[in-house]
Structure formats: structure tokens, C-alpha cells
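Visitor: predicted structure and sequence below. I'll ask about it afterward.
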2 protein chains.
Amino acid sequence: MTQNTAFIALDAMGGDHAPEPMVQGALDAVRLDGRAVLLFGRRESLEPLLKGVDYPVDRLKVVHCPDLVPMNAKPARAMRQSESSMARCFKAVKEGDAVAGVSAGNSGATMALALRYLGRISGVTRPAICLTMPGIGGPRLLLDAGANASCTAEMLAQFALMADCYARAVFAMDSPRVAVLSNGEEEGKGTELTKAAFEHISQTPLNFVGYCEGRDLFTDAVDVIVTDGFTGNVALKTLEGTARFIVAQLKVEIGGSLLAMAGAMLAKGAFEGLKETLDPSQYGGAPLLGLNGPAIIAHGSSDALAIRSAIRVAQRCAEQDLTVQIESALSQLTA
Amino acid sequence: MTQNTAFIALDAMGGDHAPEPMVQGALDAVRLDGRAVLLFGRRESLEPLLKGVDYPVDRLKVVHCPDLVPMNAKPARAMRQSESSMARCFKAVKEGDAVAGVSAGNSGATMALALRYLGRISGVTRPAICLTMPGIGGPRLLLDAGANASCTAEMLAQFALMADCYARAVFAMDSPRVAVLSNGEEEGKGTELTKAAFEHISQTPLNFVGYCEGRDLFTDAVDVIVTDGFTGNVALKTLEGTARFIVAQLKVEIGGSLLAMAGAMLAKGAFEGLKETLDPSQYGGAPLLGLNGPAIIAHGSSDALAIRSAIRVAQRCAEQDLTVQIESALSQLTA
């Protein structure tokens, strides 16, 4: 285990269950993974959680911020709170006190503040949220997962390039297969947007495999799925709804029979295995790709494991100089 | 059981497993549901399947068609085959020999031929495929499920009106809750298209509940989900991929442990109950709404139950004068 002295900034007050899982996740990252973490939040909320806990004080520090961004905050309001734990978290990255920022707070506010403090990489039209999902044969990346409801073909081509860099840097993929999400794989399918994106991405050096379909979020046909934030959101919410419905239905069916209930008890390990495979915490947060510095958006419901994973992703983005790699890939494209 | 003498036209040669499940589905519809069916297809393929079977010959008739549309046919090619079982099936509806047409053949070809022979209802810009899915509290309707990759707001408003008529006529819904699929429920979410559709549908007499999200394909918040055919296709393929992935994962997990396997055997009834709930055959085919006469697109993989259900849907559309209802609803809108 190598110990890092470069700090990851964590918004300890953002998240449905903050600050407990943030503090626990940071403790795990520091003690088990050798990371260094700055916890941004109210001293009076954070210090009691660290009291009596054994940890290296030089690698886990509380930075007191009197203010916080509520989970239901409007991004415009969050932008006016420059002393919130979320604002200070990304400001620390800008000022070089940390190499990456992580927040599980309101995602609109996180995007707005990360963009304000870090700014866009030169050549990036808009940053995009890149989500990691479980899939057969390895993780699957989908972007934009919701930052931009409407996109241009140029933006989709930039997303493809950025996700390619991210897949190589963080998941050590050799030559990620990149596809555009469409309503069929045949040429002639798609909308004006997907057709133009197809043309644009074909002209990049990426391993572009063409169109893919909604079912390829799980197949082993592609690694990176590029789409606009509207379609990406619909696909992800549909995925979530389907999984919930199936689990709820199985519960109803199983609850209806003693024999089935006994069977389900015996098969419990299998359900737990499934839960682990589907568990987004395994992959940590989603980076907002395209900023001058790593910004990781963790799910609002993040537990300690999800926070620890998000810190790992943040660290990996920083170590691999993802920002520089994206900048260089984009400049080659323009040249 | 009332016996109908109005015939439903069935393309007996269309479908991955045609003609067996088509003939069996038609036999079940005739003998168990009191329907009357015209089977369009090759005499030499169909008659052997009816040999020695006891059925009322006045309510199940073979109409010989020498030609058929292959499952992988291009719609343009299918349009040139005017003597195919598929073409003859919809031509029979046009000519009044049948009250509705059903095909499980190539869906692009089915749409093209149904449109050619039946034509659009006056005021309908484009017909739309309306899919029925299982959901908590009852079926959920989604359109457009793939007929039109790109849509205008006016088209989405027409889809909403047509699906409202369909939900009332076929599912006896009193006041179907209609929503536009979006990337969030709040106003301000959505694209230019969904925002304009929101405005248009707000001005109709429909029970419009605003935006819904991908997860509402399963919740009990809405009955009719309106979207463009691109987004509809992505959502449906994502749903399908998620369900398959979960089942495959459970099999892997269960296969890994004898104890879990024993448990799964005991819980088998629960899995079968789930399968039945998720089974699209329960709801039969998807109507192509907006044509001058009912045209039902059944899934290519339809079994006898799916065909029987599609015939039930076709019959119900005809009995309820769905075409007239849609025409009247649209003309009121224009007036």
C-alpha cells in the first residue's frame, strides 16, 4: 500500500445521510487504502465522529466550514454560498490544497460549484457526468448521465473522447469500445443528432463500434456508451425502475408462499451476490468530465463504501493526470 | 361467451416461429374466446396443422397466399409483394372482409403495409406503436414504441389523445393519467420537444399529469407515457436488458451453490409468478394507432398465447370503434 500525501477534498456535509458515511468512508480510505483526505464541514458535526478513533492525523483533517448546501437546494442558491462545505471542497482543488474533490450533495449544485471553481478544459463545450455501471465482463461507462438535457453532435464527440481517456486511466482499459446509444444498430437508424455524432466520432482515433441499443448497457459488446443527458437519464431511471420492480415482485411472490419463503432463505446468498453485482457503491462516484481538475459526484444515498470508492476514483483521476490527458486528446482532435 | 362473426385477419406466416403458434393461437381464440379468424398464408403450410383438429370451420378459414414477407425483409421490398400473407391480411381489413389485422412479422414491413392499405385517420400526422407493459396496479401504455425516431410536439400531443382513446376502449380505464417522459418531474426539466409537448397536451381535455421519469414505467403514478420513438425504443430495450441481466445474474449466483439451488427450486413458484407478471404475451400485441382500422403488431417471438391475446386486442379495438373514437377526439382538438 502506497501512502499518498496528496489530499482528496471531501464535502462531508453533502449526502442524504451526511455526515456519518462521509466520515466513515474517509476513515476507511485513509486507514485501509492509504489515502489522505480533507473533510469539509462543520467542526461540531465532524469532530465528535472522530473522537476516540485511531487514525493518522496528518492524513485526515477537518476543515471547518460554517455553511452547507441543503440536499434540495437550487443550484443558483448554492452558487451564492461561497463558504459552504461544497464550495470550499472544490475551491481547495482550484487552490492546490487538494488534487480532487468529491461530493454526495445535491448534484445540480455540485456541478455548478465544480464548474465555477475548476472551470472547463480548453476546447470542452460542456462537461458531462460519466456513470459507471456493472455489466457482463466488466464495468460499462455511460455519459452524459444527466448534466446536459440537450446536446450537439460535437458535444457527443467530446464526451466520447473524454470517456475514452477516463476508461483508460481509471479502469485500465486498453482500447475501450465506444458506441452511440441509438434505437437500432443498423445504419439509417437514429436521429439527426445520433447520425451527426456517428459521423464526428468516426473521424476520431477512438475504437468506435457504431450504434448500440438500450440492452447494451449490460451486454459485453461495448465499454463506453455516448448519449445526450436526456436519453441517458431516461435509460438510467428505466434501469433503476426495472430492477426495483423485479425485486418487489419477487418479494410479493415469495411472501405469498411459505415454501417459496423457505426457498428464498436458502437462496439468500444468491440474492446478496446479485445485490453486490448491481451495487453502484462498488464503482464509486461519477466524474464530471471536462473540468480543470477531478470532480466526483457521488450518489446522494452514498454509504461509507460508496464514499471510499468515490475517493479511490478521485485519487486515480488525479494520479493519472486525467485532466492533462483529456486536454491533449481534445487538442489532437482539433489539430 | 359471445360468438363473433366479424373476422380478425391474421398473417399466419409472420413471426420467428410461424406458422405453428399463429395457427394454435387462432384455434384457441376461436374455440376458447369465440372469435372468428382468417388465416392468411400458404395452404400447404397451414392445412396440415389443422388436419384432424376439431374446430368450427365457419369461424376459422385459411386464405391461401403464395407469398410471404421474410422476417429480415426490408420494408421497401415488402411493399412490392402485394400477394404476401402480410399484405393480404391488411388488404382484407381495407376491403371489409375483416375488422382488424394482426401480424407478428417484420415490424417495419407490418407498419408499411398496414399504413398502405388502411391509410391514416384524418388529422393524424404519423401513426405510433402503443406498447402495453406490466406495472404495479395495472398495465402501463407507452408510445411511440419505435415507429417514429423523430417527432414534433404536435405528434406527441396526437399520440397522447390516441392512447387515451385506446386505454379507455381496450383496458376500460376511466380517466387515464397521461404523462410525457422526461429527465425529471420538475418544470424546467426536459428538452425543447418535451417542453412544447407539455404545452400542447396541457391544452387538451386529457387527464394530463405532466412529466414522468423512466422509473414510472413501473410505478402507479401514470397510465399512459408519451415519448418520441427514439427515446421509447431506448427505454424499452433498457428495460429488457435489465430484466435479462438480473435473471442471468441470479442464475450464475444460484448455480454457484447447491444450497442456493435447492432454495431456488423451492422458490420456483415465485419466479414463475414473476415471469407471468413480466410476460408481454399477457397483453398481446401493440396497435399501430392512427390508422383507418385496427392493425396489431405482435412480437416476432410470439407464442400461441401472445397471438391469442393479440387477437383479443384486435377484436376489442374493432368492437369499441377505436378508429371512430380517435377521429372524433382529434377533430374536437382541431376545432
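Guide: Nice, I can see it. Residues are numbered from 1 along each chain as shown, chains lettered A, B, ... in the order given.
Visitor: contacts, neighbours, all on C-alpha from now
Guide: Fine.
Visitor: for the residue minimising distance to the centre of chain A, list each beta-bridge partner.
Guide: The residue lying closest to the centre of chain A (C-alpha atoms, centre = their mean) is residue A:286, at 0.7 Å. The partner list for residue A:286 in beta bridges (DSSP bridges) reads residue A:297.
Visitor: thought it was touching residue A:129?
Guide: Yes: judged on C-alpha atoms under 8 Å, residue A:286 makes contact with residue A:129 at a distance of 6.2 Å.
Visitor: about what we covered before: now the residue nearest to the centre of chain A: how far from residue A:241?
Guide: 20 Å (C-alpha to C-alpha, to the nearest Å).
Visitor: before we move on, what about residue A:139?
Guide: Residue A:139 is 20 Å from residue A:241, where distance means C-alpha to C-alpha.
Visitor: cool, and residue A:175?
Guide: 32 Å.
Visitor: the two: who's more crowded?
Guide: Each of residue A:175 and residue A:241 has its neighbours counted (other C-alpha atoms under 10 Å in any protein chain shown); residue A:241 has more, 21 against 14.
Visitor: what about that one, which SS state?
Guide: Under DSSP: H, G, I helix; E, B strand; the rest coil, the three-state class of residue A:241 is helix.
Visitor: next, count neighbours for residue A:183.
Guide: Neighbour count of residue A:183, defined by other C-alpha under 10 Å: 25.
Visitor: the one 5 residues further on now?
Guide: Applying the criterion other C-alpha under 10 Å, we find 8 residues in the vicinity of residue A:188.
Visitor: now do the strands in the stretch 51-200 of chain A.
Guide: A:60-64, A:100-103, A:128-129, A:131-133, A:140-143, A:177-181 (DSSP state E, counting those that start in this stretch).
Visitor: rank the ones you listed by pLDDT, which is bottom?
Guide: Looking at these, the lowest mean pLDDT belongs to strand A:131-133 (a mean of 89).
Visitor: can you list the residues of the stretch 101-250 of chain A near chain B?
Guide: Proximity of the stretch 101-250 of chain A to chain B (C-alpha under 8 Å from any C-alpha of the partner chain) is limited to residues A:146, A:149-150, A:181-183, A:189-191, A:213-219, A:230-231, A:233-243, A:245-246, A:249-250.
Visitor: what about burial for these, which qualify?
Guide: A:146, A:149-150, A:181-183, A:190-191, A:213-219, A:230-231, A:233-243, A:245-246, A:249-250 (16 or more other C-alpha atoms under 10 Å in any protein chain shown).
Visitor: mind checking which of those are in helices?
Guide: A:230-231, A:233-243, A:245-246, A:249-250 (DSSP state H).
Visitor: ok, back up a step: okay, the residue nearest to the centre of chain A: pLDDT?
Guide: 93.
Visitor: same question, residue A:219
Guide: Residue A:219 is assigned a pLDDT of 87 by the prediction.
Visitor: and the closest residue to it other than its chain neighbours, its phi and psi?
Guide: Leaving aside its sequence neighbours, residue A:219 sits nearest to residue A:136 (C-alpha to C-alpha, 6 or more residues apart in numbering or on different chains; 5.8 Å). Note on residue A:136: its backbone torsions stand at phi -70, psi 130 [degrees, to the nearest 10].
Visitor: any idea how far residue A:136 lies from residue B:241?
Guide: For residue A:136 relative to residue B:241 (C-alpha to C-alpha), the value is 11 Å.
Visitor: overlap of the contact sets of the two?
Guide: Shared contacts of residue A:136 and residue B:241, defined by C-alpha atoms under 8 Å, 6 or more residues apart in numbering or on different chains, comprise A:218, A:219.
Visitor: the residue nearest to residue A:219: what's it in contact with?
Guide: A:218, A:219, A:220.
Visitor: repeat for residue A:204
Guide: Remark: with contacts taken as C-alpha under 8 Å, 6+ apart, residue A:204 is in contact with residue A:333.
Visitor: next, it: secondary structure please.
Guide: coil.
Visitor: for the one 5 residues further on, same thing?
Guide: State at residue A:209, reduced to three classes by three-state DSSP: strand.
Visitor: now it. Nearest residue, chain neighbours left out?
Guide: residue A:179 (5.4 Å).
Visitor: residue A:9 contacts residue A:101, doesn't it?
Guide: Yes: using C-alpha under 8 Å, residue A:9 makes contact with residue A:101 at a distance of 4.6 Å.
Visitor: okay, and the common contacts of those two?
Guide: Residues touching both residue A:9 and residue A:101 (C-alpha under 8 Å, 6+ apart): A:89, A:90, A:92, A:93.
Visitor: please identify which of those is nearest to residue B:73.
Guide: Using C-alpha to C-alpha, residue A:90 comes nearest to residue B:73 of those, at 55.6 Å.
Visitor: quick one, what contacts that closest one?
Guide: So residue A:90 contacts A:9, A:100, A:101, A:113, A:114, A:117, A:118, A:295 (C-alpha under 8 Å, 6+ apart).
Visitor: count of neighbours near the third one?
Guide: By the measure other C-alpha under 10 Å, the count of residues near residue A:101 is 34.
Visitor: pretty sure it contacts residue A:294?
Guide: Yes: counting by C-alpha under 8 Å, residue A:101 touches residue A:294, with 6.4 Å between them.
Visitor: which neighbours do these two have in common?
Guide: Joint contacts of residue A:101 and residue A:294 (C-alpha under 8 Å, 6+ apart) are residue A:314.
Visitor: tell me the residue of the stretch 51-200 of chain A that sits nearest chain B?
Guide: For the stretch 51-200 of chain A and chain B, the shortest gap (C-alpha to the nearest C-alpha) falls at residue A:183, measuring 5.5 Å.
Visitor: where exactly do the helices run in chain A?
Guide: Under DSSP H, chain A gives helices at A:20-33, A:43-50, A:75-80, A:85-94, A:107-118, A:153-171, A:192-202, A:229-255, A:258-266, A:268-278, A:304-319, A:322-334.
Visitor: so which of these is the most packed in?
Guide: With neighbours taken as mean count of other C-alpha atoms under 10 Å in any protein chain shown, the helices of chain A reach their highest mean count in helix A:85-94, at a mean of 27.
Visitor: relative orientation of that one and helix A:107-118 in degrees?
Guide: 30 degrees (axes from the mean of the first three to the mean of the last three C-alpha atoms, to 10 degrees).
Visitor: CA atoms only: put helix A:85-94 into PDB for me.
Guide: The C-alpha coordinates for helix A:85-94 follow below in PDB (Å, rounded to 0.1, in the frame of the first residue of the first chain):
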ATOM      1  CA  SER A  85     -18.600  22.800   2.600                       C
ATOM      2  CA  MET A  86     -19.300  22.000  -1.000                       C
ATOM      3  CA  ALA A  87     -17.900  25.300  -2.300                       C
ATOM      4  CA  ARG A  88     -14.800  25.100  -0.100                       C
ATOM      5  CA  CYS A  89     -14.300  21.500  -1.200                       C
ATOM      6  CA  PHE A  90     -13.900  22.400  -4.900                       C
ATOM      7  CA  LYS A  91     -12.100  25.700  -4.100                       C
ATOM      8  CA  ALA A  92      -9.500  23.600  -2.300                       C
ATOM      9  CA  VAL A  93      -8.800  21.800  -5.600                       C
ATOM     10  CA  LYS A  94      -8.600  25.000  -7.500                       C
END
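Visitor: where does the prediction get shaky in the stretch 101-250 of chain A?
Guide: Filtered on pLDDT under 70, the stretch 101-250 of chain A yields no residues whatsoever.
Visitor: quick one: closest of the helices of chain A to residue B:166.
Guide: helix A:229-255 (23.7 Å).
Visitor: domains in chain A, by residue range?
Guide: A:1-124+A:290-335, A:130-283 (automatic domain parsing).
Visitor: can you say which of those is nearest to residue B:108?
Guide: Checking the domains of chain A against residue B:108 by C-alpha to C-alpha gives domain A:130-283 as the closest, at 12.0 Å.
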